[in-house]
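J.: coordinates for the following, if possible.
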Amino acid sequence: MLAGVVVPPPEGLTPEGFRAILLLSGAVTLWVTQPIDLAATALLGMALIPVLGILPAKDSFALFGNQAVFFVLGVFVLAAVLMKTGLATRAALSLLSRFDSSPARLANAVLLMSVLGCGLLVSHAVAAILFPILLEVCRALGLVHGKSAYARRLLLSMAWGTIVGSNLTFLSSVRVGLALGLLAEHDAKVGGGEGISFLFWLAGSVVPVGVMTLLVMAVLSRAHRGERLEMGPAVDLLRRRVEDLGPMKRDEFVALASLVAMLVGMVAFGPTYGFGTIAVLAAGVNFVGGSVSFEATEKYVSWGIILLFGGAVAMASALERTGGVEWIVEMVVPSGRVHPLVLVGVIAYLCIVLTEFASNSAVIAALLPVCMVVADRLGLPARAMVFATVIPAGLAFMLPTGTPAMAMVHSSGYLRSRDSALPGLVLVHLAWVVVMLVAWLWWPVIGLR
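T.: Okay, the predicted model is just below:
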């Protein structure tokens with residue numbers, strides 16, 4: 001990175017652009033190798049933007065204030081409220097207790113609940129809610145660590161369900177917010193741009209999410225066929241846990257009302273007031289109503305992810321503002337001619353593979369700015385590249401390092417690495433095929449062309 005200060009830039013690239021490329025490349029390398037914390041790397045990278053003379057300090061730190069950062073903060077706070085008040089746990093237990101009559105029925109219910117739950121809560125939170133419940137079920141059924149195929153199926157249903165569901169809505173993952181922030185920066189620079197509404201994202205994501213849910217269900221039923229089990233202990237456990245919760249409390253009603261208000265606000269007023277404004281207001285309703293205190297929610301909020309997110313936005317935006325992205329595109333696609341489906345195929349495969357080893361936010365920060373400029377040259381809408389990067393970057397099924405949910409289930413002692421690696425490898429390639437088919441057949445139908 002420091003070499004950019006003394007080494008002259010390549011021909012056609014400004015010194016500031018050269019340093020921005022080196023800075024983001026260095027950050028991505030650290031995000032992959034992780035010698036230091038991901039959030040610390042992002043903060044250091046943001047601080048180095050003015051030190052290296054890439055942008056003035058006021059511009060560098062202003063990028064951290066991107067509305068998308070506060071959208072992610074609001075989503076995390078609301079998820080924390082739903083967890084703290086117990087509403088999320090109540091919903092999970094109530095639904096699971098209705099589908100516990102057979103092992104396959106319960107496993108499929110966990111998968112569907114994980115996918116659909118991500119439509120309302122960030123996927124990390126859905127995993128955090130379901131994981132301890134599933135561990136209790138495994139213990140109640142007497143499932144043996146490292147030997148029970150049903151334990152593997154149950155836990156992977158949750159992990160892979162949240163991975164698939166993390167693509168469903170704006171509330172499902174932080175990488176959607178990151179991509180929206182980068183898209184807004186790009187559209188502001190080039191002028192114009194249609195943006196992406198809450199409902200438009202849902203229209204583009206619902207088909208790949210639905211198809212991948214069915215594929216995950218099929219792969220799990222073959223790869224981890226459960227042993228014969230007596231479901232009585234699990235049934236008793238879930239029913240007892242529901243009864244212990246008692247009737248809904250005032251705080252839970254306030255939390256539910258704020259969630260509904262956020263969804264309605266994003267659909268009706270998102271383009272007008274900004275998704276960050278609506279998310280923060282909806283989360284703030286709970287503090288004004290006294291349902292929870294801010295201190296009570298702090299431990300549930302992934303502050304490191306928010307810092308990573310803000311730093312990634314700053315470095316990626318600096319790369320685009322200094323002309324570094326255009327130079328990279330000129331080197332990679334000098335003629336500006338490539339078939340759109342070929343472009344989507346290459347991008348999707350890169351995102352899927354890289355996300356197995358690095359934070360998906362880092363993958364989006366590194367690839368999306370370049371992809372949007374390529375789209376401009378091909379006459380494609382920049383927002384098409386948001387779908388082509390964000391959805392594949394949310395399909396890491398193989399390794400414990402892919403997502404927090406995968407790390408959770410592998411820490412349980414019921415799974416070995418090969419239990420997810422081999423069937424996950426199949427799912428990764430099926431996911432790539434699904435993305436390609438959706439890009440070819442479905443996205444043009446909704447106007448993404």
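J.: now the stretch 301-449 of the chain, which segments are flagged as low pLDDT?
T.: 332-336, 401-402 (pLDDT under 70).
J.: quick one: the helices in it, in order.
T.: Using DSSP state H, counting those that start in this stretch, the helices assigned to the stretch 301-449 of the chain run over residues 303-321, 324-332, 340-355, 360-378, 382-390, 404-410, 417-441.
J.: what's the closest of these to residue 181?
T.: Between residue 181 and the helices of the stretch 301-449 of the chain, the shortest separation by Cβ to Cβ is 5.1 Å, and it involves helix 303-321. Yep, even glycine has a C-beta here, placed from its N, CA and C like the rest.
J.: quick one on the thing from earlier: right, so of the helices of the stretch 301-449 of the chain, which gets closest to residue 33?
T.: Taking the helices of the stretch 301-449 of the chain one by one with Cβ to Cβ, helix 360-378 is closest: 11.4 Å.
J.: can you name every helix or strand that the closest one contacts?
T.: Counting contacts by 3 or more Cβ pairs under 8 Å, 6 or more residues apart in numbering; DSSP states H and E, helix 360-378 is packed against helix 15-33, helix 174-190, helix 303-321, helix 324-332, helix 340-355, helix 382-390.
J.: hmm, residue 386 and residue 187 touching each other?
T.: No. When contacts are counted by Cβ atoms under 8 Å, residue 187 is not listed as touching residue 386 (10.9 Å).
J.: quick one: which of the two has more around it?
T.: Neighbours per residue, other Cβ atoms under 10 Å: of residue 187 and residue 386, the larger number sits with residue 386, 28 against 17.
J.: skipping adjacent residues, who's closest to the more buried one in space?
T.: Distance criterion Cβ to Cβ, 6 or more residues apart in numbering; nearest residue to residue 386, sequence neighbours excluded, is residue 179 at 4.6 Å.
J.: that neighbour contacts residue 389, correct?
T.: Yes. Residue 179 lies in contact with residue 389 (Cβ under 8 Å); the separation is 6.8 Å.
J.: hang on, the earlier thing: rebuild the helices and strands packed on helix 360-378 as TSV, extending it with distance to residue 270.
T.: Output for the helices and strands packed on helix 360-378, formatted as TSV (distance: least, Cβ to Cβ, whole Å):
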stretch	distance to residue 270
helix 15-33	29
helix 174-190	10
helix 303-321	19
helix 324-332	27
helix 340-355	25
helix 382-390	14
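J.: so which of these gets nearest residue 410?
T.: helix 340-355 (16.4 Å).
J.: quick one, that closest one and helix 15-33 angle?
T.: 50 degrees (axes from the mean of the first three to the mean of the last three Cα atoms, to 10 degrees).
J.: where does the closest residue to residue 61 other than its chain neighbours land on pLDDT?
T.: In space, and not counting its chain neighbours, residue 61 is closest to residue 46: 7.2 Å by Cβ to Cβ, 6+ apart. At residue 46, the model reports a pLDDT of 87.
J.: which element is residue 46 on?
T.: Secondary structure from DSSP states H and E places residue 46 in helix 38-51.
J.: which helices and strands sit right next to the following helix or strand past that helix?
T.: Remark: after helix 38-51, the chain's next helix or strand is helix 57-64, criterion DSSP H and E. Here helix 57-64 touches helix 38-51, helix 303-321, going by 3+ Cβ pairs under 8 Å, 6+ apart.
J.: how far away is the spatially closest residue to residue 183 that is not a sequence neighbour from residue 112?
T.: Distances taken as Cβ to Cβ, 6+ apart place residue 386 nearest to residue 183, at 5.5 Å, with adjacent residues excluded. Look at residue 386 and residue 112: by Cβ to Cβ, to the nearest Å, they are 26 Å apart.
J.: one step back: who are the contact partners of the residue nearest to residue 386?
T.: The contact partners of residue 179, taken as Cβ atoms under 8 Å, 6 or more residues apart in numbering, are 364, 368, 386, 389-390.
J.: and the residues you listed, which is closest to residue 353?
T.: Nearest to residue 353 out of those is residue 389 (Cβ to Cβ; 12.8 Å).
J.: tell me who's in contact with that closest one.
T.: Residues near residue 389 by Cβ under 8 Å, 6+ apart: 179, 347-348, 351, 363-364, 367-368, 371.
J.: need the residues you listed in CSV (columns: distance to residue 431).
T.: What follows is those, written out as CSV (distance: Cβ to Cβ, whole Å):
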residue, distance to residue 431
179, 18
347, 13
348, 8
351, 10
363, 15
364, 17
367, 17
368, 19
371, 18
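J.: quick revisit: need the winner for burial among the helices and strands packed on helix 57-64.
T.: helix 303-321 (a mean of 25; mean count of other Cβ atoms under 10 Å).
J.: could you give the angle of that helix to helix 174-190?
T.: 20 degrees.
J.: tell me the angle of helix 303-321 relative to helix 38-51?
T.: For helix 303-321 against helix 38-51, the angle by the same axes, to 10 degrees is 30 degrees.
J.: list the helices and strands helix 303-321 packs on?
T.: helix 15-33, helix 38-51, helix 57-64, helix 67-84, helix 174-190, helix 360-378.
J.: helices or strands next to the second one in the packing?
T.: Spelled out, it's helix 38-51. Using 3+ Cβ pairs under 8 Å, 6+ apart, helix 38-51 is in contact with helix 15-33, helix 57-64, helix 303-321.
J.: now these as TSV including distance to residue 256?
T.: Output for the helices and strands packed on helix 38-51, formatted as TSV (distance: least, Cβ to Cβ, whole Å):
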stretch	distance to residue 256
helix 15-33	37
helix 57-64	32
helix 303-321	24
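J.: which one of those lies closest to residue 82?
T.: helix 303-321 (17.4 Å).
J.: give me the number of residues near residue 229?
T.: Neighbours of residue 229 using other Cβ under 10 Å come to 16.
J.: now it: closest residue in space that isn't a chain neighbour?
T.: Closest residue in space to residue 229, ignoring its immediate chain neighbours: residue 103 at 5.2 Å, by Cβ to Cβ, 6+ apart.
J.: in this structure that neighbour contacts residue 231, no?
T.: Yes. When contacts are counted by Cβ under 8 Å, residue 103 is listed as touching residue 231 (6.6 Å).
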